[in-house]
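**Q** Next input, structure requested:
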Amino acid sequence: MYEFFRGKVAAVAPDCVVIDVNGVGYRLLVANPYHFHVGEEAMVYAQLIIRENEQSLYGFNDEEQKRVFNLLLSVTGIGPKSALAILANVDTNGLAQAIASNDVAFLTRFPGVGKKTAAQIVLDLQGKIDKHVDLFTPEVADSAQPTSSKLSDALAALIALGFTEREVNKIEPKLLKMDLSDTDAYLRAGLKLLTKH
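**A** Purely as a prediction, here's the structure:
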């Protein structure tokens, strides 16, 4: 129904962005909300998911990310939230490499993905994702944003992705020691710490 929305970013939250398209605000659930900045022009590719009790719009940086999201949804046991958590992966080619090498252990690091589901991802998607394609657009540095604000936004985003407050609080001291450029960088670092076993 919707292919993409082009407009101004009206709001950024831990799990979504709101795009103002000619005075109408569209709320899109996205993998890395803090890639977007309030007031900037943006084009977000969209996928409408209709469930029994809700209708939700999911947003993507580009067509390839949207394609991979829909491929993940085709796997039994993978819902939209699990698919977004996977797309927020630190390594841009990690998903494709894990599938190509049958790395079930890597896939089980994501919220909502057990061994059975991880094995199903490998089975269903092998050969369908090009590991040389960058699924994410480069992060935009925002060094003017205070570190405390950048870090707190990243921690909120991690909780929105399905990690518990206890897990997130445990890695906060490690993130505090890092001097990173923006919220997205802290989010990626946090994901790396949380998925390391």
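**Q** Can you tell me which residue is spatially central in this structure?
**A** A31 (2.0 Å; CA atoms, centre = their mean).
**Q** wait, what's in contact with the nearest residue to V104 once chain neighbours are set aside?
**A** Distances taken as CB to CB, 6 or more residues apart in numbering place A118 nearest to V104, at 4.4 Å, with adjacent residues excluded. Yep, even glycine has a C-beta here, placed from its N, CA and C like the rest. Residues near A118 by CB atoms under 8 Å, 6 or more residues apart in numbering: V104, A105, L107, T108.
**Q** hmm, try it at 10 Å
**A** With contacts defined as CB atoms under 10 Å, 6 or more residues apart in numbering, the neighbours of A118 are 75, 77-78, 98-99, 102-110.
**Q** cool, D153 as well?
**A** D153 neighbours (CB under 10 Å, 6+ apart): V12, A13, P14, P33, Y34, Q145, D182, T183, D184, Y186, L187.
**Q** Now, these that are in helices?
**A** T183, D184, Y186, L187 (DSSP state H).
**Q** The third one contacts A157, doesn't it?
**A** Yes - shown here, Y186 and A157 form a contact pair, counting by CB atoms under 10 Å, at 8.8 Å.
**Q** how near is the residue nearest to V104 to A31?
**A** From A118 across to A31, the span is 19 Å (CB to CB, to the nearest Å).
**Q** now Q120
**A** Q120 is 21 Å from A31, by CB to CB.
**Q** try V24
**A** V24 is 23 Å from A31, by CB to CB.
**Q** same thing with V38?
**A** With CB to CB as the criterion, V38 and A31 are 18 Å apart.
**Q** rewinding a little: who wins for neighbours among the contacts of A118?
**A** Highest neighbour count within those: F110, with 26 neighbours (other CB atoms under 10 Å).
**Q** Where does that one fall, secondary structure wise?
**A** Assigned by DSSP states H and E, F110 falls within no helix or strand.
**Q** and it, backbone torsions?
**A** Dihedral pair for F110: phi -90, psi 150, per degrees, to the nearest 10.
**Q** In terms of pLDDT, where does it sit?
**A** The model reports F110 with a pLDDT of 81.
**Q** tell me the contacts of it?
**A** 78, 82-89, 95, 117-118, 121, 161-162, 191, 194-195.
**Q** SS state for G39?
**A** Following DSSP: H, G, I helix; E, B strand; the rest coil, G39 is assigned to coil.
**Q** in this protein, which helix or strand is least confident?
**A** helix 147-160 (a mean of 77; mean pLDDT, DSSP states H and E).
**Q** which outside residues touch the following helix or strand past it?
**A** Going down the chain from helix 147-160, the next helix or strand is helix 165-176, by DSSP H and E. Helix 165-176 is contacted from outside by 111, 147-148, 150-152, 154-159, 161, 163-164, 185-187, 189-194, 196, using CB under 10 Å, 6+ apart.
**Q** Fine by me, thanks again.
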